[in-house]
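J.: Predicted coordinates and the sequence they were generated for:
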Amino acid sequence: MKSIVKNPDLAASGAERMKWFRERMPIITAYNERFKREQTFRGKVIATTMHIEPKSAYWIEGLLAGGAQHIYFVGYLGTTKDDTAAYLASLPRMTVLGKSDDTYQEHLANLDAVIQNGRKINLFLDNGAAFILAHRRNHPGWQPDGANEETRSGRLYIEQEAYEAPYPIAVIDDSSLKRLLENYTGVGQSVVDGFMRATSLLVGGKNILIFGYGYCGSGVANKFKGLGANTMVYDTSPLYQLKAKVDGHIVGEKEELISRADVIITVTGSFGVISAEHIPLLKNKVILANAGCLGFEIDLKGLEEKADRKTPLRPGVDKYTYGEKAVYVLANTHALNLAAADGNPIEIMDLGLALQAGCAERIIKAPETLVNGLQNVPEDISLEVCRLSLEAQG
């Protein structure tokens, strides 16, 4: 099975960019060295769908060094760095299916192609339950030994399907370490970074509405507030609305908040949070962006169908015109922190990917310690990652 990347000639520049990240991820370095020494994944076939960027590429290097027979890497929508994809595709025992401009249909086709390839896959390292659900719908006649699921959205998709997997699935997002460090601290900073890179606008003084006040949404809201924004929060949970209020954000009815917002950012894991029905409520020149797992939190198709015209203004910024009203959409509603920037800070992803590495190791080396179906990251893995991080920070 051949790789599909945007430009294979970018492999050399992708390899060059890796140098900085290898020197800044001591926890993944420790795992990679152990995997190489112990050949943890010898003979195993691995399939992952993650954001194809240098931090995840360094993690993949460790799985290869650890003896993986083959790795299939399917990119995520709008977040693939084409030079990184080209670099990974140049490595032996790698198939990379990911371009920066992949459509959702291409993404699904890539997933299905890997499952239908005729080779049993031992391990899914998943994001948004993409491979887990592709395996279910394709019925290939084999079961993986186990899987990781990176996100809360992926857990929700599995639960919505009422899928009781006959193999263990470690939900990385259930780890308190991921929620507190990656989701709250990392996503908060990187979404603000993505917004500023995409727009080059001042944050202070703007009315910024955040949909969703979980760990990711609260981190985003508080980082914007720290930069002087007038932050507003909407969440369907009264508990989270109350937490947002006591944290100093404005809360209220959805329609009222939409009508006041200069910027709206969705961080919910749901679908159609902002849709064509909200166009009459939107302020002129409002900016829409998504920071959730998939861009479907904003119904871009519905917004496009109602627009008089669409005008690209700069990379990652499109203007939709409705009569006298202009609405700006960032990064085609893909995850803003990666589509418009470089994703979560390196130190944060060093932690998050280490949880992935530790759980993958546990599935291969001690499957008897796990149960079938969704479960939390084993506590000893979270503690080991915490210890390694503290040691690395001196």
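T.: Here it is on my side, so go on.

J.: which residue packs closest to Glu161, ignoring adjacent ones?
T.: Once flanking residues are discounted, Glu161 sits nearest to Leu133: 6.6 Å by Cβ to Cβ, 6 or more residues apart in numbering. Using the backbone N, CA and C atoms, a C-beta is placed for each residue, glycine as well.

J.: Next one: Val377 from Gly358, what distance?
T.: Using Cβ to Cβ, to the nearest Å, Val377 is found at 8 Å from Gly358.

J.: What helix or strand is the residue nearest to Glu161 located in?
T.: helix 130-138 (DSSP states H and E).

J.: residues of the very next helix or strand once past that helix that come out buried?
T.: Per DSSP H and E, helix 130-138 leads on to strand 146-149 as the next helix or strand towards the C-terminus. For strand 146-149, burial by neighbour count (16 or more other Cβ atoms under 10 Å) applies to 146-149.

J.: Give me the helices and strands touching strand 146-149, please.
T.: Counting contacts by 3 or more Cβ pairs under 8 Å, 6 or more residues apart in numbering; DSSP states H and E, strand 146-149 packs against strand 123-126, helix 130-138, strand 168-171, helix 346-365.

J.: Now do the contacts for Ala12.
T.: Neighbouring residues of Ala12 by Cβ atoms under 8 Å, 6 or more residues apart in numbering: Tyr87.

J.: go on, Gly146?
T.: Contacts of Gly146 (Cβ under 8 Å, 6+ apart): 123-124, 167-170, 363, 367, 370.

J.: Give me the PyMOL select line for those, limited to the buried ones.
T.: This is the PyMOL syntax for the buried subset of the contacts of Gly146, where burial follows 16+ other Cβ under 10 Å:
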select buried, resi 123+124+167+168+169+170+363+370
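
J.: Go through the contacts of Gly146 and name the one nearest Val273.
T.: Ile169 (26.2 Å; Cβ to Cβ).

J.: could I get the contacts of Gly146 as CSV with pLDDT and distance to Val192?
T.: Shown next, in CSV, are the contacts of Gly146 (pLDDT from 0 to 100; distance: Cβ to Cβ, whole Å):
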residue, pLDDT, distance to Val192
Leu123, 98, 34
Phe124, 98, 32
Tyr167, 98, 38
Pro168, 98, 36
Ile169, 98, 32
Ala170, 97, 30
Ile363, 97, 35
Pro367, 95, 40
Leu370, 97, 37
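
J.: if I pick the residue nearest the centre of the chain, what's in contact with it?
T.: By Cα atoms, centre = their mean, the chain has its centre lying nearest to Cys293, at 5.2 Å. For Cys293, the contact set (Cβ under 8 Å, 6+ apart) comprises 127-128, 151-154, 269, 335.

J.: what's the helix or strand for the closest residue to Gly358 other than its chain neighbours?
T.: The shortest distance from Gly358 to any non-neighbouring residue, by Cβ to Cβ, 6+ apart, is to Ile381 (3.8 Å). For Ile381, the host element (DSSP H and E) is helix 379-392.

J.: Show me what that helix is in contact with.
T.: 26-27, 30, 175-177, 347, 350-351, 354-355, 358-359, 362.

J.: In a helix, Arg119, correct?
T.: No: the assignment for Arg119 (DSSP: H, G, I helix; E, B strand; the rest coil) gives coil, which keeps it out of a helix.

J.: Neighbours of it, how many?
T.: 16 (other Cβ atoms under 10 Å).

J.: Just give the nearest non-adjacent residue to it, would you?
T.: Nearest to Arg119 is Val45, by Cβ to Cβ, 6+ apart, at 5.9 Å.

J.: residues near the one you found, how many?
T.: Count around Val45 with other Cβ under 10 Å applied: 19.

J.: Let me see the backbone angles for it.
T.: With angles defined as degrees, to the nearest 10, Val45 sits at phi -100, psi 130.

J.: for it, what are its contacts?
T.: Applying Cβ under 8 Å, 6+ apart, the residues near Val45 are 68-72, 119-123.

J.: Give the bridge partners for it, please.
T.: Beta-bridge pairing of Val45 under DSSP bridges involves His70.

J.: where's it relative to Tyr87, distance?
T.: 21 Å.

J.: Equivalent analysis for Ile60, please.
T.: Noted for Ile60: a distance of 10 Å to Tyr87, by Cβ to Cβ.

J.: Comparing those two, which residue is more hemmed in?
T.: Tyr87 (27 against 24).

J.: where exactly do the helices run in the stretch 151-300 of the chain?
T.: Here the stretch 151-300 of the chain has its helices, by DSSP state H, counting those that start in this stretch, at 152-160, 176-177, 188-199, 215-226, 238-246, 254-260, 300-306.
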